[in-house]
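> model this:
(one chain, ligands or ions: 3)
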Amino acid sequence: MKALKIAVLTLMAISVVALAGAYTIQTDNKGEPQMSLDGGKSGPVPFPHLAHQTALGDCSICHELFPQQAGAIAALKASGELAKKQVMNKHCTKCHKLMKKEGQKTGPTTCKACHVKD
Ligand code: HEC
Ligand code: HEC
Ligand code: HEC
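Ligands and ions are numbered 1, 2, ... in the order given. I've put the predicted structure just below:
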């Protein structure tokens, strides 16, 4: 029982370190102010990057999930580190829904408001 407890605590400690140390956050290069994210067969997703930086203030809100590189989300989906629609559901839409519920100004929560067909 004690050995199991130690094993579980050790695993937890390792995963905390892995999460905290996953990607280094830099704040000098703010990247593109406006971008288009790959939304698969539902069509591209226009993404106002600068508006999020201004409204949220903290780069790590998004960039502890994926690094500050163009194509980072697609690369992590290809390697299986992020599931398809994980960023969309557990990150983008989750935050918009929470803020909407609290009556705050936020982003879209419906498919067609995020994905544009070209
Ligand atoms: C609401 C989410 C979010 C926040 C907050 C955010 N970013 Fe990003 N950032 C993204 C997304 C999405 C991408 C594109 C990733 C991809 O192409 O797969 C990106 C890409 C980047 C890139 C590389 C692409 C490029 O345009 O050159 C840099 C650099 C970057 N971000 C810097 C920052 C900095 C600095 C901050 C904080 C001041 C920040 N980001 C805050 C979502 C965010
Ligand atoms: C807040 C914006 C937002 C909303 C709302 C949204 N999406 Fe997405 N969707 C994204 C982003 C960003 C991606 C790419 C990142 C990812 O796969 O998590 C994406 C990815 C996708 C993909 C491609 C997944 C893959 O890798 O093949 C499909 C399909 C999709 N969305 C369908 C939908 C449907 C259906 C709805 C409505 C039920 C919806 N989306 C609502 C932003 C959104
Ligand atoms: C932690 C919260 C948070 C996350 C995560 C987040 N957003 Fe937002 N989003 C906001 C807020 C706040 C605004 C309103 C910004 C403003 O207008 O000043 C916004 C606005 C938007 C808008 C603009 C709507 C308009 O009226 O122009 C789009 C599009 C959008 N978000 C898409 C996304 C996508 C795609 C992602 C994921 C890659 C994402 N957001 C992640 C909080 C978030």
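
> how about the residues of this protein near ligand 3?
Counting by Cβ under 6 Å from any ligand atom, the chain comes close to ligand 3 at 37, 45-48, 51-52, 55-56, 61-62, 87, 91-92, 95-96, 99, 105-108, 114. Yep, even glycine has a C-beta here, placed from its N, CA and C like the rest.

> Narrow the residues you listed to those in strands?
37, 45-47 (DSSP state E).

> Just the buried ones among the residues of the chain next to ligand 3, please.
37, 45, 47, 52, 62, 87, 91-92, 95-96, 107, 114 (16 or more other Cβ atoms under 10 Å).

> is ligand 2 contacted by stretch 33-44?
Yes. Contact of stretch 33-44 with ligand 2 is found when judged by Cβ under 6 Å from any ligand atom, involving 37, 39-42.

> Now that stretch: buried residues?
Within stretch 33-44, judged by 16+ other Cβ under 10 Å, the buried ones are 37, 39, 44.

> and it, how far apart are its ends?
End-to-end span of stretch 33-44 (Cα to Cα, to the nearest Å): 16 Å.

> Repeat that for stretch 33-48.
Per Cα to Cα, stretch 33-48 runs 6 Å from first to last residue.

> what's in contact with it?
When contacts are defined by Cβ atoms under 8 Å, 6 or more residues apart in numbering, stretch 33-48 is touched by residues 49-50, 70, 73-74, 84, 88, 111, 114-118.

> Show me how far that stretch is from its chain's centre.
Here stretch 33-48 shows a centroid-to-chain-centroid distance of 14 Å under the convention Cα atoms, centre = their mean, to the nearest Å.

> go on, stretch 88-105?
13 Å.

> give me the low-pLDDT residue ranges for the protein?
In the prediction, the chain carries residues with pLDDT under 70 at positions 1-21, 118.

> any idea where the helices of it begin and end?
For the chain, helices defined by DSSP state H occupy the ranges 2-20, 49-56, 60-63, 72-78, 86-87, 94-101, 111-114.

> could you check whether the shortest one is close to ligand 1?
No. Against ligand 1, helix 86-87 shows no contacts by Cβ under 6 Å from any ligand atom, the least distance being 7.4 Å.
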